[in-house]
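>>> no sequence for this one, just the structure:
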């Protein structure tokens, strides 16, 4: 059995960002030389997620695929966007103090509780079977990386690990 690991970077924006990373993952599969096994795509960031969905082809004016905008609309109903301090219990005074003093974060960056809660529901990884060198995503399946933190854009790591023969 072989194991291949790769990391690539994506850049998120100020709002919720969706990046279709299917081609980058497929490239890692080709480089691995592994033909049969499992492909795991993982986010180490706690306000980010990896999930499978189809490409809805049509976009909003903000370039968000309509199906993903529908998902955001549902999230807004169950986990409203954090707009002010005190809206959620997190971050509390200790976390706020530590973030500002130890990590040099700005106060407004701490208003991302909704991103953390949403990423828990979506999950931070997906595992896709690999058969004869091809990911079994189905006819319309795409791999998306999303950054749910709406406080600032950042460079994010996408980890891909392929295990098999």
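Perfect, thanks for sending it. Bear in mind that the values here come from a model prediction, so they are computed numbers and not experimental data. Numbering: from 1, shown residues only.

>>> residues touching the nearest residue to residue 43 once chain neighbours are set aside, list them.
Excluding the flanking residues, the one nearest residue 43 by C-beta to C-beta, 6 or more residues apart in numbering is residue 124, at 4.7 Å. (Each C-beta comes from the backbone N, C-alpha and C, glycine too.) Listed by C-beta atoms under 8 Å, 6 or more residues apart in numbering, the contact set of residue 124 reads 42, 43, 44, 45, 46, 48, 49, 50.

>>> Ramachandran coordinates for the first one?
What that stands for is residue 42. phi -140, psi 140 (degrees, to the nearest 10).

>>> Can you verify my assumption that it contacts residue 50?
Yes: between residue 42 and residue 50 there is a contact at 6.5 Å, judged by C-beta atoms under 8 Å.

>>> out of those two, which sits in the more crowded spot?
residue 50 (24 against 19; other C-beta atoms under 10 Å).

>>> Pull up the gap between that one and residue 61, please.
26 Å (C-beta to C-beta, to the nearest Å).

>>> Overlap in contacts, residue 42 and residue 50.
124, 125, 158.

>>> What are the contacting residues of the host helix or strand of the last one?
Residue 158 belongs to strand 155-164 when elements are defined using DSSP states H and E. Outside strand 155-164, the residues that touch it by C-beta under 8 Å, 6+ apart are 1-12, 21, 24-25, 28-29, 32, 34-45, 48, 50, 130, 145, 147.

>>> Strands of the chain, start to end?
Applying DSSP state E to the chain gives strands spanning 2-11, 17-20, 37-42, 48-54, 125-131, 134-135, 141-147, 155-164.

>>> still on that earlier bit, tell me how far the strand holding residue 158 is from the chain's mean position?
Between the centre of strand 155-164 and the centre of its chain there are 12 Å (C-alpha atoms, centre = their mean, to the nearest Å).
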